[in-house]
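>>> Structure for this input, please:
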Amino acid sequence: MSAPPLWRRALAEMLGTGMLVAIVVGSGIAAQRLSADTGLQLLANALATALGLGVLILLLAPSPVRISTPR
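Residues are numbered from 1 along each chain as shown. From the prediction side, this is the model:
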């Protein structure tokens, strides 16, 4: 099986990076608006980032392909 073309790999990389940046920046903005307490802001930011990263991994990770060998 051959690798996908370079343009597809680059596009996928840019799309994933853009979504990750949006999650990190968005969670930081949301945490600042949530509370004036710095500790609570850090906790909210860390939790939102971790959950967002988990969602990205689940959505964008390549699904395993089952290879069947002929008999």
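>>> Show me what counts as buried in the top helix by length along the chain.
Criterion DSSP state H: the longest helix present in the chain is helix 6-34. Within helix 6-34, the residues that count as buried by 16 or more other Cβ atoms under 10 Å are Met19, Ile23, Ser27, Gly28, Ala31. To be clear about C-beta, it is placed using only N, CA and C from the backbone, and glycine gets the same treatment.
>>> correct me, but Leu53 touches Ile23?
Yes - in this structure, Leu53 is within contact of Ile23 by Cβ atoms under 8 Å, at 7.0 Å.
>>> packing partners for the longest helix of the chain?
If you count contacts as 3 or more Cβ pairs under 8 Å, 6 or more residues apart in numbering; DSSP states H and E, helix 6-34 packs onto helix 38-60.
>>> Pro62 versus the closest residue to Leu60 other than its chain neighbours, what's the distance?
Residue nearest to Leu60 in three dimensions, not counting chain neighbours: Gly16, with 5.9 Å by Cβ to Cβ, 6 or more residues apart in numbering. Distance of Gly16 to Pro62, computed by Cβ to Cβ, to the nearest Å: 12 Å.
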